[in-house]
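A.B. asks: what follows is a predicted structure for the sequence shown.
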Amino acid sequence: MATAKTSEPVTATLETFFEGAIPNSERGIAAIVDLTKKSLFSLPTIVELPDLGAGVPRAIPAIVDARNGTLTPARDLVEAFRTKPASKRGTATALTLESFVDLLNRHKTEHSAVFADTSWKKPGFTAVIDYHDKVSGGAADNLKHRIRYDFPLSEEWKAWVEQNGEPMEQGAFASFLEDRIADLTAPNDHERINLERDFDTKIATPAQLIQLSRGLQVNVDSAVKNVVNLTTGEAQIAFEERHSDSNGQPLKVPGLFMLNIAPFFMGEKITIPVRLRYRPAGGKIRWFYQMYRPDLHVTERVRDDLSTVADRTGTPTFEGSPEA
């Protein structure tokens with residue numbers, strides 16, 4: 001009896017406690033479920049995948065939120081604690097060909113490739129370290145790790161290229177030539193004979209070119225001729241334009257002059273023929289020049305250096321540009 005008396009108050013006390021904390025009803029069941037959910041943590045899991053093709057794993061880690069059942073890729077959580085990148089990315093810039101070769105040898109793989117832009121205005125090399133698998137039909141790669149080398153064009157080369165084919169008034173043309181007089185040269189006898197024969201014109205010396213640009217006055221006389229063929233009755237109208245200097249003499253302007261400049265910074269100088277042209281307009285004269293085949297000199301140098309890169313790195317080379 002003592003035991004029974006002792007247990008009765010305890011039972012009553014527990015019942016009273018639970019009745020006050022969790023109602024003995026549907027609300028009570030809901031409260032238990034809610035407390036259970038709150039006690040659960042997000043749990044890692046592995047999600048198995050079917051074969052979805054190259055580059056997609058067959059299983060991925062994920063985090064399951066036990067409270068609402070949502071699935072979050074574990075990568076977002078892991079990346080926050082990463083101390084090193086998963087892969088190499090970005091573009092390194094080499095200022096010399098030697099540095100380009102050294103960097104390529106440092107990072108290259110068996111799949112790396114070099115692409116050459118041989119355009120004469122802005123030549124350069126691009127090495128793609130993580131290029132696609134070289135085996136026919138091989139796996140694709142990211143193409144995100146690159147090395148770039150832009151050929152260092154000289155300031156004098158860039159100045160002449162910028163104005164190539166651009167009309168200039170008399171004063172502007174004279175100023176341009178005076179600023180760049182060190183780039184002008186006179187041909188030797190052999191060059192003169194061959195160029196004047198090939199271009200069927202005269203070559204101006206630097207002094208003649210400067211004098212021409214400073215003080216030339218062009219007078220333009222126009223005439224219209226009506227020519228009738230008496231046999232057929234057909235008529236032709238011909239428009240003739242005669243250019244003369246300030247003395248009224250027929251104007252003779254040399255059709256060529258010569259440049260002696262280095263296309264590349266600290267590089268070897270080359271001799272380039274330049275066509276000289278003028279156009280009278282509105283009582284003024286406009287000058288322009290056209291460099292003769294400047295691409296030949298630049299492309300030759302770029303291709304020579306591309307062969308050097310291939311020999312010193314063992315990397316396949318291509319003329320063109322890689323995929324974006």
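C.D. replies: Sure, I can see it.
A.B. asks: direction included, what does the longest strand that the chain contains pair up with?
C.D. replies: Longest strand of the chain, by residue count under DSSP state E: strand 270-281. Paired neighbours of strand 270-281 in the sheet (DSSP bridges): strand 256-261 (antiparallel), strand 284-291 (antiparallel).
A.B. asks: list the helices and strands the helix or strand following the last one packs on?
C.D. replies: Meaning strand 284-291. Going down the chain from strand 284-291, the next helix or strand is helix 294-313, by DSSP states H and E. Helices and strands touching helix 294-313, by 3 or more Cβ pairs under 8 Å, 6 or more residues apart in numbering; DSSP states H and E, are helix 97-107, strand 113-117, strand 124-128, strand 270-281, strand 317-319. C-beta: built from backbone N, CA, C; applies to glycine.
A.B. asks: centre of the chain to the third one, how far?
C.D. replies: Remark: strand 124-128 is offset 10 Å from the chain centroid, using Cα atoms, centre = their mean, to the nearest Å.
A.B. asks: now the shortest one
C.D. replies: The offset between the C-alpha centroid of strand 317-319 and the centroid of the whole chain comes to 16 Å, using Cα atoms, centre = their mean.
A.B. asks: thinking again about what came up before, mean pLDDT lowest for which of the helices and strands packed on helix 294-313?
C.D. replies: Mean pLDDT is lowest for strand 270-281 out of the helices and strands packed on helix 294-313, coming in at a mean of 88.
A.B. asks: partners of R279 in the sheet?
C.D. replies: R286.
A.B. asks: who's in contact with the longest strand of the chain?
C.D. replies: Residues outside strand 270-281 that contact it (Cβ atoms under 8 Å, 6 or more residues apart in numbering): 167, 185, 187, 191, 195, 199, 203-204, 209, 218, 220, 243, 253-263, 285-292, 294, 297.
A.B. asks: among these, which ones are buried?
C.D. replies: Among these, those classed as buried by 16 or more other Cβ atoms under 10 Å are 185, 187, 195, 203-204, 209, 218, 253, 255-263, 285-289, 291, 294, 297.
A.B. asks: identify each buried residue in the longest strand of the chain, please.
C.D. replies: I270, I272, P273, V274, L276, Y278.
A.B. asks: pLDDT below threshold where in the stretch 151-300 of the chain?
C.D. replies: Applying pLDDT under 70 to the stretch 151-300 of the chain flags residues 215-252, 283.
A.B. asks: which residues of it fall in strands?
C.D. replies: 168-169, 184-185, 219-228, 235-244, 256-261, 270-281, 284-291 (DSSP state E, counting those that start in this stretch).
A.B. asks: turn the helices and strands packed on helix 294-313 into JSON lines, columns for distance to R180.
C.D. replies: Below are the helices and strands packed on helix 294-313 laid out as JSON lines (distance: least, Cβ to Cβ, whole Å):
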{"stretch": "helix 97-107", "distance to R180": "27"}
{"stretch": "strand 113-117", "distance to R180": "27"}
{"stretch": "strand 124-128", "distance to R180": "25"}
{"stretch": "strand 270-281", "distance to R180": "11"}
{"stretch": "strand 317-319", "distance to R180": "32"}
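A.B. asks: span of stretch 108-115 from start to end?
C.D. replies: Stretch 108-115 has an end-to-end distance of 14 Å (criterion: Cα to Cα, to the nearest Å).
A.B. asks: who does F125 form a beta bridge with?
C.D. replies: With DSSP bridges as the criterion, F125 is bridged to A116, Y149.
A.B. asks: that one touches L104, doesn't it?
C.D. replies: No: contact criterion Cβ atoms under 8 Å: F125 and L104 do not qualify, at 9.1 Å.
A.B. asks: identify the contacts common to these two.
C.D. replies: V114, V309.
A.B. asks: what about W160, how many neighbours?
C.D. replies: W160: 21 surrounding residues under other Cβ atoms under 10 Å.
A.B. asks: identify the residues contacting it.
C.D. replies: Listed by Cβ under 8 Å, 6+ apart, the contact set of W160 reads R180, D183, L259, I261, M291.
A.B. asks: okay, and the beta partners of the last one?
C.D. replies: M291 has these beta-bridge partners by DSSP bridges: V274.
A.B. asks: ok, now the fourth one?
C.D. replies: Going by DSSP bridges, I261 is paired in beta bridges with I270.
A.B. asks: could you find the closest non-adjacent residue to D295?
C.D. replies: Nearest non-adjacent residue to D295, counting by Cβ to Cβ, 6 or more residues apart in numbering: W120, 3.8 Å away.
A.B. asks: what about the strands in the stretch 1-150 of the chain?
C.D. replies: So, for the stretch 1-150 of the chain - with DSSP E, counting those that start in this stretch - the strands run 43-48, 59-64, 71-73, 90-94, 113-117, 124-128, 145-150.
A.B. asks: any idea which of those scores lowest on pLDDT?
C.D. replies: When I compare the strands of the stretch 1-150 of the chain, strand 71-73 is least confident, with a mean of 80.
A.B. asks: run through the neighbouring helices and strands of that one.
C.D. replies: strand 59-64.
A.B. asks: one step back: can you lay out the strands paired with strand 270-281 as TSV showing distance to D76?
C.D. replies: Shown next, in TSV, are these (distance: least, Cβ to Cβ, whole Å):
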stretch	distance to D76
strand 256-261	57
strand 284-291	57
